[in-house]
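Colleague: sequence first, predicted coordinates after that:
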Amino acid sequence: AQYATLNGDETSPVRWLIDRLWALTADHPGENLFELMLCMASQYDLPSYLAGLDFVPEVLSCQYNTCFRDLDLVQKVQAAGIEVAPWPVDGVFDLQSILDMDPVTVVTNRPERLFQMLDPAWTMPAQAAAMLG
């Protein structure tokens, strides 16, 4: 119940974990957990990892839950001239956290939440509401 309250939806912790494991296996087909952990460990210090690349990315878009909950990290990436575009940011708590960082981009599966947070008077257009069922 606490997880659902923080994220503003009815997702259980088990469902959240399964979703993360599914995303990992989809992003890294054929790799085992050890290989994935080695890859992720090499990216643990994100500013150092980015500095080691042979190019400067224009945009860094990675999962919000992976690294963009840390305001200091976001500011370091932005200071390097890289736009931060976290995804997906769906829960109310997470959306507010991202909005506090004044992002250029927010990727979400719940745009209606974001619009309502940005403008409490916002209402979903009837045609969009009909499409969502």
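Modeller: Thanks, I have the structure now. None of the values given here were measured: they were computed from a predicted structure.

Colleague: what's the helix or strand for Pro120?
Modeller: Under the criterion DSSP states H and E, no helix or strand holds Pro120.

Colleague: quick one, phi psi at it?
Modeller: Note on Pro120: backbone dihedrals following degrees, to the nearest 10 are phi -60, psi -20.

Colleague: for Gln75, same thing?
Modeller: Phi and psi for Gln75, reported as degrees, to the nearest 10, are phi -70, psi -40.

Colleague: give me the pLDDT value at the residue of the chain positioned farthest from its centre.
Modeller: Distance to the chain centre peaks in the chain at Ala126, reaching 28.2 Å (criterion: Cα atoms, centre = their mean). Residue-level confidence at Ala126 comes out at 91, pLDDT.

Colleague: okay, stretch 84-93 in PDB with CA atoms only?
Modeller: Extracted C-alpha coordinates of stretch 84-93, given in PDB (Å, rounded to 0.1, in the frame of the first residue of the first chain):
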ATOM      1  CA  VAL A  84      18.800  14.900 -19.300                       C
ATOM      2  CA  ALA A  85      15.700  13.100 -20.500                       C
ATOM      3  CA  PRO A  86      14.600  10.600 -17.800                       C
ATOM      4  CA  TRP A  87      12.000   7.900 -18.600                       C
ATOM      5  CA  PRO A  88       9.500   6.700 -17.700                       C
ATOM      6  CA  VAL A  89       8.400   9.000 -14.900                       C
ATOM      7  CA  ASP A  90       4.900   7.900 -14.100                       C
ATOM      8  CA  GLY A  91       4.200   8.100 -10.300                       C
ATOM      9  CA  VAL A  92       3.000  11.300  -8.700                       C
ATOM     10  CA  PHE A  93       6.000  11.300  -6.300                       C
END
